[in-house]
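Participant: sequence first, predicted model second:
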Protein chains: 2
Amino acid sequence: MKEIATFKNKESSSPKLLKSLEEAIAKCNLKDGATISFHHHFREGDLIINAVMDVLAAMGYKGLTVASSSFSEINAPLLKHIKSGVITGLEGSGCRGELAKGISAGLLAKPMIFRSHGGRAAALAEGTLKIDLAFIAASVSDSFGNAAGVYQGQLPQGVSPSYCGSLGYAKVDARYAKKTIVLTNTIVPYPNVGLGIAENDVDYVVLVDQVGNPDKISAGATRTTQNPKDLFIAKKAAAVIAHSGFFYNGFSLQTGTGGAALAVTRFLRDMMKAGEVKARFALGGITAAMVQLHEEGYIEKLMDVQDFDTTAIASLAKNSNHFEIDANQYANPFDSGALIHQLDVVVLSALEVDEEFNVNVLTGSDGIIRGAIGGHPDTAAGAALTVVVTPLLRGRIPAVVERVTTLCTLGDYVDIVVTDRGIAVNPRRPELAARLERVGIEAVPLQYLRHLAEKIAGEPEPLPFGPRVIAQVMAPDGNLLDDIFEIDYE
Amino acid sequence: MKEIATFKNKESSSPKLLKSLEEAIAKCNLKDGATISFHHHFREGDLIINAVMDVLAAMGYKGLTVASSSFSEINAPLLKHIKSGVITGLEGSGCRGELAKGISAGLLAKPMIFRSHGGRAAALAEGTLKIDLAFIAASVSDSFGNAAGVYQGQLPQGVSPSYCGSLGYAKVDARYAKKTIVLTNTIVPYPNVGLGIAENDVDYVVLVDQVGNPDKISAGATRTTQNPKDLFIAKKAAAVIAHSGFFYNGFSLQTGTGGAALAVTRFLRDMMKAGEVKARFALGGITAAMVQLHEEGYIEKLMDVQDFDTTAIASLAKNSNHFEIDANQYANPFDSGALIHQLDVVVLSALEVDEEFNVNVLTGSDGIIRGAIGGHPDTAAGAALTVVVTPLLRGRIPAVVERVTTLCTLGDYVDIVVTDRGIAVNPRRPELAARLERVGIEAVPLQYLRHLAEKIAGEPEPLPFGPRVIAQVMAPDGNLLDDIFEIDYE
């Protein structure tokens, strides 16, 4: 019985497993001018996007549009490929750092397209965004492309993959792209199913040295804040939520990126325990604070499109009510059952809020791109209660302004703005103001907060925008929401 | 905090949840001549297919093509809709009972199309089979269409859904159909994710009184046999497998329908335990015998496209390494990673085997349709070792014949035929015959078995086929494999 003959089906015989990325790209028949995609689950720890673009540049490609679910500071090296004409278009939910400065300076041939996560899922489903070749950075994959961001089985000693957790954004890319290449540094036994991307959506698997650094996932916008002002705002926001009428046994919750927004969960915990208020589910980017509440029985289900820290990643692998969802299930605005439509409370950050409750999360007060839409407009539109948290001023820069520099989320979808110097309730929701007033939480007009900010910091100067559109912000439904103009910032 | 106001997002406000099936069908804009689909996970216990067809008939529809993953004896009532012109086309992997007799008698306007499960998945993926409206019988669903065949949470006392387990065939229907209606008798809390069909693939949910009877899933072709001849053949097949060279630590296994085929697992169990031979995975239709081996640690993963009994259904809900897979992952022949291509050993039944090792699983020796292709040709082509089990005779009817009545699986894909009167090894695989001979298992030519059968039963009479093609058998790759002609059987 130990006499093992040759088998038709050896793992090593997978025709999908290729030794070089160049070979995989060539087999996918990639052409100049094509649209390729990436995902940003490794965030500031991503080691795939830049590396793949270097390979494509070395292969001589020109005129590529790069659609990533988002770009981070780590993607600054893409600038050289923009300057050389390898990249002529970009599309994503956000952009930061030197790459973003280059876009704002007008280096990119075509206007960059910003879409929310739900808007991207819809654009993929409807064919507005067509991906010719998707690159998926996977923590593990079998040789046939069953790829995931965590692994639930036993691995040989010494093998320790780089885990990123949920592959929620990558899943829709793989599903809709014409061709898909998985890059991983850990091949696991076939069949690696249950989480992540199914082999049917994958054309080739390439073994690489590294895919990402999980420790850097919780850097930048997803850091755990210790800033006293952030914590003060988060505590106020938690109190507002608790008395909003939407904090009931069975409610649902999402917190967006940004220190104060993420910190709200920590303060809600005490209130949930005191009132025995349990959440049906937490949605979106999952954090250690949410995992703690889940494991304590205060959040029934974690609906995870992306993990914001290593605790959340570990939870996805071990907790059976921690579910990986894709961007469609998360936030496709055209699907009445997408989870955003079932969301009671969302807490979101802002770079600017204006007197009409409009929110800018993309451009700084200097007009330069430095943020991400993420799921902001998706969840704001879907949630029953949308709370925006922001300091009144960042240093000497007002965050409450007359008119946002870039319109990302319509004020119609924002219910309450919580700052360190007062809260404002959208006049569309008088019942909210009344409920808060009853427990002694007084609201002020946003105009008052704007004037207060200007009194402290002075009226902002008009920005020196040039005439050229260097980026466009698309609403979740695919319509143009705003243009971003070039700016001379030297 | 207990002052609950009105919420935007009440469960009851789902726009997808409709009170009547007629309303859902009308909203899906179904037209005469359309193709509709069903799935057969409830097998002989299905209560949806006939009921929906009665509704469509009452609504006045004509000229429909009904594509179900399979038809069973319980579907005999469809005959009246064929006679009245409501149904003019049928497509499925099999057909049995009075409905099948009606097809063979030429009652259906167009030839019935038979496809294997993998062939259907490929036809859906490639657009050869276009479904206008899919009907999904679901054990549970939330009001937005997250639907499954089992439920993993707590249910209120007195609520006991009818579980069918994996929705593997239904998943691809929902994914590719233009419109999808879920029918269920148990609405569970949103979001019901993790198993089954995602809301994004569902247009409407209709609450019905009953969907199916789980106790009848293991009737007919999936019964547990006590027939001594079946058990004798199964025991021989297990011995053949154990000495085939494909019974190694880490092998993979599938057993098809039919008493002897399903019983092989029971005999393999002793050999697996004795040799400490563990399987990487068991594939396809999952049985209680496989669940037992899984729970004893002898089968690592259960890859489940369909459950053959209530033990398997319960296992899907509770065992974390028991995975629901769809028909694409299971058997799409065009996907190099589909699980069939990773299969070491498959045990399959036959109505007839001929001297070229070709197999018929569709028509009886009387020429009348009475079986199902299922995953037969898919797994036979994919597996490293394909074992076909059959009695030499059924009553006085030879099962080993000169030429099969209907070609369903090419002899090129069949390696060994095991009967109660001897085994035959395909001359293409001399190494198999040699390995078996070394342990004293002598093979005989199929011609010998055919002559032995004829000696006992006499040479069969030619069948009285008419000139008209009443059904067509498609190979997994979509090409025509064989025609089935009308037969006058009165």
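Facilitator: Cool, got the structure. Residues are numbered from 1 along each chain as shown, chains lettered A, B, ... in the order given.

Participant: mind pulling up the pLDDT for whichever residue of the stretch 301-450 of chain A sits closest to chain B?
Facilitator: Distance from chain B to each residue of the stretch 301-450 of chain A (C-beta to the nearest C-beta) is smallest for residue A:337, at 3.1 Å. Glycine gets a C-beta too; all of them are placed from N, C-alpha and C. Listed pLDDT for residue A:337 reads 77.

Participant: that one belongs to a helix?
Facilitator: No. Applying DSSP: H, G, I helix; E, B strand; the rest coil, one finds residue A:337 to be coil, outside a helix.

Participant: isn't it up against residue B:200?
Facilitator: Yes. If you go by C-beta atoms under 8 Å, residue A:337 and residue B:200 touch, sitting 7.0 Å apart.

Participant: what about these two, which has more around it?
Facilitator: Set residue A:337 next to residue B:200 and count neighbours by other C-beta atoms under 10 Å in any protein chain shown: residue A:337 wins out with 25 against 20.

Participant: who are the contact partners of the more buried one?
Facilitator: Counting by C-beta atoms under 8 Å, 6 or more residues apart in numbering or on different chains, residue A:337 touches B:14, B:16, B:144, B:145, B:146, B:190, B:199, B:200, B:202.

Participant: pLDDT added to those residues, as TSV?
Facilitator: Output for the contacts of residue A:337, formatted as TSV (pLDDT from 0 to 100):
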residue	pLDDT
B:14	86
B:16	93
B:144	92
B:145	94
B:146	95
B:190	88
B:199	91
B:200	89
B:202	95
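
Participant: can you list the buried residues in whichever strand or helix holds residue A:455?
Facilitator: Here residue A:455, judged by DSSP states H and E, is contained in helix A:446-457. Neighbour counts over helix A:446-457 (16 or more other C-beta atoms under 10 Å in any protein chain shown) mark A:446, A:449, A:450, A:452, A:453, A:454, A:457 as buried.

Participant: check what pLDDT residue A:19 gets.
Facilitator: On the pLDDT scale, residue A:19 gets 89.

Participant: surely it and residue A:207 touch.
Facilitator: Yes. With contact defined as C-beta under 8 Å, residue A:19 counts as touching residue A:207 (7.4 Å).

Participant: which of those two has more neighbours?
Facilitator: Set residue A:19 next to residue A:207 and count neighbours by other C-beta under 10 Å: residue A:207 wins out with 17 against 9.

Participant: who touches the residue nearest the centre of chain A in this structure?
Facilitator: Residue closest to the average C-alpha location in chain A (C-alpha atoms, centre = their mean): residue A:374, at 4.3 Å. Going by C-beta under 8 Å, 6+ apart, residue A:374 touches A:70, A:93, A:94, A:116, A:117, A:256, A:257, A:361.

Participant: that one belongs to a helix?
Facilitator: No. Per three-state DSSP, residue A:374 lies outside any helix segment and is coil.

Participant: would you mind measuring from it to residue B:411?
Facilitator: For residue A:374, the distance to residue B:411 equals 58 Å [C-beta to C-beta, to the nearest Å].

Participant: for residue A:485, same thing?
Facilitator: For residue A:485, the distance to residue B:411 - C-beta to C-beta - is 71 Å.

Participant: and residue A:178, how many neighbours?
Facilitator: Residue A:178: 15 neighbours (other C-beta under 10 Å).

Participant: just residue A:396 next, same as before
Facilitator: Count around residue A:396 with other C-beta under 10 Å applied: 11.

Participant: go ahead and confirm it touches residue A:454.
Facilitator: No. Assessed by C-beta under 8 Å, residue A:396 is found out of contact with residue A:454, at 11.2 Å.

Participant: just the pLDDT for residue A:459.
Facilitator: 85.

Participant: next up, identify which helix or strand it is on.
Facilitator: Going by DSSP H and E, residue A:459 is not in any helix or strand.

Participant: so where's chain A uncertain?
Facilitator: A:1-12, A:489-490 (pLDDT under 70).

Participant: for it, which segments are assigned as helices?
Facilitator: Here chain A has its helices, by DSSP state H, at A:21-27, A:49-58, A:78-83, A:97-104, A:117-126, A:168-176, A:228-242, A:259-275, A:288-295, A:310-318, A:327-331, A:376-382, A:430-438, A:446-457.

Participant: quick one: the ones you listed as JSON lines, columns for distance to residue B:24 too.
Facilitator: What follows is the helices of chain A, written out as JSON lines (distance: least, C-beta to C-beta, whole Å):
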{"stretch": "helix A:21-27", "distance to residue B:24": "44"}
{"stretch": "helix A:49-58", "distance to residue B:24": "44"}
{"stretch": "helix A:78-83", "distance to residue B:24": "48"}
{"stretch": "helix A:97-104", "distance to residue B:24": "47"}
{"stretch": "helix A:117-126", "distance to residue B:24": "22"}
{"stretch": "helix A:168-176", "distance to residue B:24": "26"}
{"stretch": "helix A:228-242", "distance to residue B:24": "37"}
{"stretch": "helix A:259-275", "distance to residue B:24": "38"}
{"stretch": "helix A:288-295", "distance to residue B:24": "35"}
{"stretch": "helix A:310-318", "distance to residue B:24": "35"}
{"stretch": "helix A:327-331", "distance to residue B:24": "22"}
{"stretch": "helix A:376-382", "distance to residue B:24": "24"}
{"stretch": "helix A:430-438", "distance to residue B:24": "35"}
{"stretch": "helix A:446-457", "distance to residue B:24": "45"}
